[in-house]
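Participant: what's the 3D shape of this:
(2 chains)
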Amino acid sequence: MAIDLNVNGRRYSVEASPETPLLWVLRDELKLTGTKFGCGIAQCGACTVHSDGAAIRSCVTPVSSVGTAQITTIEGLGGTHPVQASWVKLDVPQCGYCQSGQIMSATALLKTTPKPDDAAISDAMKGNLCRCGAYQRIRAAIHDAAGAAAPVPTSAA
Amino acid sequence: MNALARLSSTLRPTRRQTIIGATLSGGALLVGACSRSDILGLGAPKIDFGAFGPFLKITADNVVTVINKHQEMGQGNHAGLAAMISEELDADWSKVKIEAAAADAKVYANTLMGVQGTGGSTAIANSWDQYRKAGATARAMFVQAAADTWKVPAGEVTIKDGVATHASGKSATLGELLPAAGKVTAPASVTLKPATAYTLIGTDRVKRKDSLAKSTGTQRYTQDVHLPNMLTAMVAHSPRFGGVVKSFDASKAKAVKGVVDVVQIPSGVAVIAENTWAAKQGREALVVTWDDSKAEMRSSDKILAEYKAAVTAPGTAWEPFEGRGVTDDKPAGIENAQAGPDAKTPHPAEPIKAPVQAFETTYDFPYLAHATMEPMNCVAQVNGLKAKLTFASQIQTLDQLNTAMAVKTLPGSVEIETLSAGGSFGRRGNPTSDYVAECVNIAKHVGHDRPVKLVWTREDDMTGGRYRPMVHHAVHVELDKDGYPSLWKHRIVTQSFMKGTPFMQGKIDDTQVEGVKGSPYLKATPLVDAAVFTPTSPVTTLWWRSVGATHSALAMEHTIDQLALRAGVDPLEYRRRLLTKAQATRHLAVLDLAAKTAGWDQPMQAGWARGIAVHESFGSVAANVAEVTLKDGQPHVGRVIVAIDCGQVVAPDQVRAQMEGGVCYGLSSALYGAVTLKDGLVEQTNFDTYRVLRMDEAPLVETVFVASNAKPTGAGEPGTPVIIPAVANALLKLTGKPTTSLPFVKA
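Facilitator: Numbers count the residues shown, from 1 in each chain, chains lettered A, B, ... in the order given. Just a heads-up that it's a prediction; the model follows:
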């Protein structure tokens, strides 16, 4: 069936069965491949996009449920978003595969919580896996983008 | 030495000029009497690399493009390799770009392997001379070109940040000098800079070149490849290792909209569709009956019980891998495994003076999945006797050979466009190129007009094998009057992923025993008796970031802490005495640096404890001090100090990143990692059942370097294993309980 979508400020009409996850419509039909496939069951966060500004997992979002919501993908951030700038400044990515999802979760967090503390960052980001273990830099980059100094490693005591 | 370097040493031309040959009819790897270039070069197109050779290109806009012969899977090797060329060329670092090399072992072989491939933490180490020479050679050509143009002596021309200058005031960019430099004959030899002259190598100016692409969703991974007319395939694999297709009914699968074809291939039944979702729906509708007659039907508990029983069973086929002063050349199992301090000595050459204090322990390690963020995938197009692969190839030469066998063509006829990998940790490179051959077999069926993307779901990836093997260690140590080892008997039971492949060299598979073999603690022990037994199973296994060290580090380092506790000696001091005796100066240096940085002698807050450990792998030595507490009854790691000696550090911030990530990868496995089988079926299918480390559990890692100008050694893997015993040793302090099996947190 034909489904209308609003992605990154553009209107699309795609042909897809209604249960198709938004992820595969973005990737296979719209060729917006910045949004990644990681697990398919909302366990890893690699597929995170914004729906009306809130972070959602596109791998478990049926395309028919999107309706008139404004979808933003990593491509829609524009490339010069402060979060992206902090990511580059601190060389956050390693393999980089999870980073689109990380950045989409981080930008959604900063929208609602402009100066998050470590607990707020942990809470907002623990749904995004990074197997390379770039967590420390992801945390530092969020602080950096929020205009706060990155935390210095200190004794756990 | 490491797994890949070792396996590939078989392929090195120095060894009787033999090389793996691909039979064009048998479909099996054979060691044939052909030279390497004969085999690997057959069918390969001739490439013109330009004036400056295969490792760099320079264009008129002053951009230097460094050709990366290695796979970039996150480890940041591209930055280090580019820095080596940029340093010697005195290029403008801000204008250096990276490009992936073509698959061509004649020019892009890993110099420690003899084949083109990335692994064993060798990317920087094997390229150190090669890439610096490439840069220095190009520099000499530009210097000569400037001297000829300006009619001045070459010795008076200097180059800095991509600009050649002369005291007379003349200056030109490399781009401007390009036409003249390209005509200069490359010098036969060049002098490389001394480390004191470095302005880029070893500095934090060496940043990644791919951070922007990876922060904007524009980095191209295999999963992102969309080619004209491309089809997408998923494969139904046997749920049990060793199972094969008995029969299948494709009628419902073919009825799914978008499904193009269903075909049986050697590894299962492939559903070929117009897009990913259709392939997935089609596979779900597919009905396959499996023949389990040769499949692994055991549960992992049963397999482990058999490993344990083998230690004391008579007749176990032990292979000794380290021994000193022990006359029993057919070592039996560890006697009286549960007997405690009165255990008999196992036939030492000299009687051990009574009273003998003995210590015994065992360690169990589960199968582990690599669980890369990007599940395995590949894109292949087969056109008659030619094949084109577009994917994150890790060992290009093997992928060419295995593709050639599937297509029945020549390795040189297999073109590979190497993309960045969304992680590998060893998974993407393996002797049989499993997922690559699978994709090629589908593409061969589809034919030349349509490329095929093979997509593995997370479930395919998690249950797809090539695991870190399950391992059992049994350790029996006898102690002298001061509580230090006088005899060390060690037994390891684990599968081998090397034996039975053409890559096995010698009798012992070092990947099973490394880290016990070669341990300075064994060197410091008068009597040593160490042996390995290799059970077999259809469960496929593979190297997994840091390979043997993933288990040997805990077996050695946690045993040492338990011995120190018995002796009433501080674990740092206990180690120092043994390492001094073994003349392990690099171990001592990193240990002392980690301890000093962590404030080892300072007390910690109540409820916290520090654990220390040191381990050598991939030519580097790393020490960790981990600060650990219990949170809801589970270990929680606050801060980790990593001290590493990896020789000359080329890209310090990338080594730091590898230590940060390595600690997380090792800690993740130690806390939660386990693949288990129930009646042969893998119980973990996705991240909901295969738990991995998340943001709120990640420690803060602080990395310190031992200053060194020695040749670079590994950085991608040595940061992974040491955290495991460091945490176990902290837990021993906190709880008084030793760790005898991983993971720490049982499911």
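
Participant: which neighbouring elements make contact with the helix or strand where residue B:67 lies?
Facilitator: According to DSSP states H and E, residue B:67 maps onto strand B:64-68. The contact analysis (3 or more CB pairs under 8 Å, 6 or more residues apart in numbering or on different chains; DSSP states H and E) places strand B:64-68 against strand B:56-58, helix B:77-89, strand B:96-100. C-beta here means a position set from N, CA and C on the backbone, and glycine is covered the same way.

Participant: so which of those comes closest to chain A?
Facilitator: Nearest to chain A, of all those, is helix B:77-89, at 8.6 Å by CB to the nearest CB.

Participant: average pLDDT for that closest one, rounded please.
Facilitator: Confidence for helix B:77-89, expressed as mean pLDDT, is 98.

Participant: same question, stretch B:387-405
Facilitator: 97.

Participant: rewinding a little: okay, angle between the strand holding residue B:67 and helix B:77-89 too, please.
Facilitator: Here strand B:64-68 runs at an angle of 130 degrees relative to helix B:77-89 (axes from the mean of the first three to the mean of the last three CA atoms, to 10 degrees).

Participant: tell me which residues in strand B:64-68 are buried?
Facilitator: Buried residues in strand B:64-68, counting neighbours by 16 or more other CB atoms under 10 Å in any protein chain shown, are found at B:64-68.

Participant: just to revisit the earlier point, let me have the helices and strands packed on strand B:64-68 in CSV, extended by mean neighbour count.
Facilitator: Below are the helices and strands packed on strand B:64-68 laid out as CSV (neighbours: other CB atoms under 10 Å in any protein chain shown):
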stretch, mean neighbour count
strand B:56-58, 23
helix B:77-89, 27
strand B:96-100, 17
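
Participant: now the residue nearest the centre of chain A: closest residue in space, sequence neighbours ignored.
Facilitator: Most central in chain A under CA atoms, centre = their mean is residue A:104, positioned 2.3 Å from the mean C-alpha point. Distance criterion CB to CB, 6 or more residues apart in numbering or on different chains; nearest residue to residue A:104, sequence neighbours excluded, is residue A:48 at 4.2 Å.

Participant: correct me, but residue B:55 touches residue B:129?
Facilitator: No. Contact between residue B:55 and residue B:129 fails when scored by CB atoms under 8 Å: they sit 11.8 Å apart.

Participant: related to what we said a few turns ago, using TSV, lay out the buried residues of strand B:64-68 together with pLDDT.
Facilitator: Below are the buried residues of strand B:64-68 laid out as TSV (pLDDT from 0 to 100):
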residue	pLDDT
B:64	98
B:65	98
B:66	98
B:67	98
B:68	98
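
Participant: need the helices and strands packed on strand B:64-68 in TSV (columns: distance to chain A).
Facilitator: Shown next, in TSV, are the helices and strands packed on strand B:64-68 (distance: least, CB to the nearest CB, whole Å):
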stretch	distance to chain A
strand B:56-58	23
helix B:77-89	9
strand B:96-100	14
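
Participant: okay if I get these as TSV plus distance to residue B:138?
Facilitator: Below are the helices and strands packed on strand B:64-68 laid out as TSV (distance: least, CB to CB, whole Å):
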stretch	distance to residue B:138
strand B:56-58	6
helix B:77-89	5
strand B:96-100	12
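
Participant: and of the ones you listed, who's closest to residue B:739?
Facilitator: For the helices and strands packed on strand B:64-68, proximity to residue B:739 was assessed by CB to CB; helix B:77-89 is nearest, at 33.3 Å.

Participant: show me what that closest one is packed against.
Facilitator: When contacts are defined as 3+ CB pairs under 8 Å, 6+ apart, helix B:77-89 sits against strand B:64-68, strand B:96-100, helix B:123-150.

Participant: rerun at 10 Å
Facilitator: strand B:56-58, strand B:64-68, strand B:96-100, helix B:123-150, helix B:652-671 (3 or more CB pairs under 10 Å, 6 or more residues apart in numbering or on different chains; DSSP states H and E).

Participant: and the last one, average pLDDT?
Facilitator: Just to be clear, that refers to helix B:652-671. Rounded to a whole number, the mean pLDDT of helix B:652-671 is 98.

Participant: is chain A contacted by that helix?
Facilitator: Yes. Against chain A, helix B:652-671 shows contacts by CB under 10 Å from any CB of the partner chain at B:653-654, B:656-668.

Participant: neighbours around residue B:190, how many?
Facilitator: 17 (other CB atoms under 10 Å in any protein chain shown).

Participant: relative to residue B:232, how far out is it?
Facilitator: 49 Å (CB to CB, to the nearest Å).

Participant: next: residue B:316.
Facilitator: Remark: distance between residue B:316 and residue B:232 (CB to CB) = 48 Å.

Participant: what about the chain, any weak spots by pLDDT?
Facilitator: No chain was given, so I picked chain A. Per-residue confidence of chain A (counting by pLDDT under 70) places the weak regions at A:148-157.

Participant: my question was about chain B, not that one.
Facilitator: Ranges of chain B meeting pLDDT under 70: B:1-43, B:327-355, B:502.

Participant: which residue of it lies farthest from its centroid?
Facilitator: residue B:168 (51.8 Å).

Participant: would you map the helices across the stretch 251-400 of chain B?
Facilitator: B:251-254, B:276-285, B:300-312, B:396-407 (DSSP state H, counting those that start in this stretch).

Participant: pick the one among the residues of helix B:652-671 next to chain A closest to chain A.
Facilitator: Comparing the residues of helix B:652-671 next to chain A against chain A with CB to the nearest CB picks out residue B:664 as the nearest, at 2.6 Å.

Participant: list the contacts for that closest one?
Facilitator: Residues in contact with residue B:664 (CB atoms under 10 Å, 6 or more residues apart in numbering or on different chains) are A:130-136, B:637, B:640, B:692-694, B:697-699, B:701, B:719-720, B:723.

Participant: and it, how far is that from residue B:428?
Facilitator: 20 Å.

Participant: same question for residue B:177.
Facilitator: Residue B:177 is 40 Å from residue B:428, where distance means CB to CB.

Participant: in terms of neighbours, single out the busier of those two.
Facilitator: Using other CB under 10 Å, the more surrounded residue of residue B:177 and residue B:428 is residue B:428, with 30 against 25.

Participant: can you tell me which residues contact the more buried one?
Facilitator: Per CB under 10 Å, 6+ apart, neighbours of residue B:428: B:71, B:73, B:118-119, B:222, B:370, B:372, B:374, B:376-378, B:391-395, B:399, B:421-422, B:435-436, B:466.

Participant: among those, which ones are buried?
Facilitator: B:71, B:73, B:118-119, B:222, B:370, B:372, B:374, B:376-378, B:391-395, B:399, B:421-422, B:435-436, B:466.

Participant: show me which of those neighbour chain A.
Facilitator: B:73, B:370, B:372, B:374, B:377, B:392, B:421-422.

Participant: narrow these to those in strands?
Facilitator: Residues of those located in strands (DSSP state E): residue B:377.

Participant: all good on my end, thank you.
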